[in-house]
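In: quick one: sequence and predicted model below, then my questions.
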Amino acid sequence: MIGFYDYTVWLTYISLISAGIGIFSALNGAGHPFLGMFFLLLSGLCDAFDGKVARTKKNRTDMQREYGTQIDSLADLVAFGVLPASIGVSILRIYEVMNGYDITSIHVKLVNLALYTILVFYVLAALIRLAYFNVLESERKKRGEVGANKDYKGLPVTSAAVVFPTVLLIQYVTKIDISLVYFAFVLITGILFISPFKVKKPGTKGILIMVAIGALDLLAILICHFVLKF
């Protein structure tokens, strides 16, 4: 078989599998955004450690390293680009049902067109961000620079694993329906993906903090949904 299957790529493969299940779950039936968000958090957890796991193997060939870089970006596009957009579609479906909107009316169609445009823009922005990052890394290697870059240019797409679960959690602690607020965050996050500002690359401590935030988001959502019945 083509490809590589050693332990250095397992977390990336799991992240992609999780994202695929999350997309299917979110879009199943009338929509299941909370299931989709669970798998988004799982993908984020895998992505937080896949690079560190890969670097433990010291005898990787250049081809293995390049393969790892490419599949990481491809998996990130699905997990942190397509999956959040699919969750948005799921939220929109539920929002329409709960409010009894006539989806055949011109007004609803125009609103849906605007919201779907935001989701498509978000996925495109994630693609551009990831491709640009790969090009920058390739140029660094050509210049003979060693070690990981200390800064990101533009908001990393993996931030989706923290941003959107937090937005969903807000829905549980307020009586106001903030479904459409999700789309505002999608738009803003997409813009930040392709904005030319620098973000300091988090070290181990920063990664652990983000993982902790994600874990708290998941725990809070589960408590609100299954225990408090919000």
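Out: Cool, the structure landed.
In: buried sites along the helix ranked longest in the chain?
Out: Assignment by DSSP state H gives helix 106-142 as the longest helix of the chain. Within helix 106-142, the residues that count as buried by 16 or more other Cβ atoms under 10 Å are 115, 118-119, 121-123, 125-127, 129-130, 133, 137. No exception for glycine: its C-beta is placed from N, CA and C like everyone else's.
In: same deal with stretch 167-181?
Out: Buried residues in stretch 167-181 (16+ other Cβ under 10 Å): 167-169, 171, 179.
In: out of those, what pair is the most spread apart?
Out: Farthest-apart pair in those is 169 and 179; separation 13.7 Å (Cβ to Cβ).
In: ok, back up a step: check which helices and strands the longest helix of the chain sits against.
Out: helix 62-77, helix 83-98, strand 151-153, helix 179-193 (3 or more Cβ pairs under 8 Å, 6 or more residues apart in numbering; DSSP states H and E).
In: would you list the ones you listed in TSV and tack on distance to residue 217 and mean pLDDT?
Out: Shown next, in TSV, are the helices and strands packed on helix 106-142 (distance: least, Cβ to Cβ, whole Å; pLDDT from 0 to 100):
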stretch	distance to residue 217	mean pLDDT
helix 62-77	19	92
helix 83-98	14	88
strand 151-153	22	77
helix 179-193	14	94
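In: in JSON lines: these, plus distance to residue 44.
Out: JSON lines is the format used below for the helices and strands packed on helix 106-142 (distance: least, Cβ to Cβ, whole Å):
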{"stretch": "helix 62-77", "distance to residue 44": "10"}
{"stretch": "helix 83-98", "distance to residue 44": "10"}
{"stretch": "strand 151-153", "distance to residue 44": "16"}
{"stretch": "helix 179-193", "distance to residue 44": "14"}
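In: pick the most deeply packed of the ones you listed.
Out: Counting by mean count of other Cβ atoms under 10 Å, helix 83-98 has the highest mean neighbour count of those, with a mean of 22.
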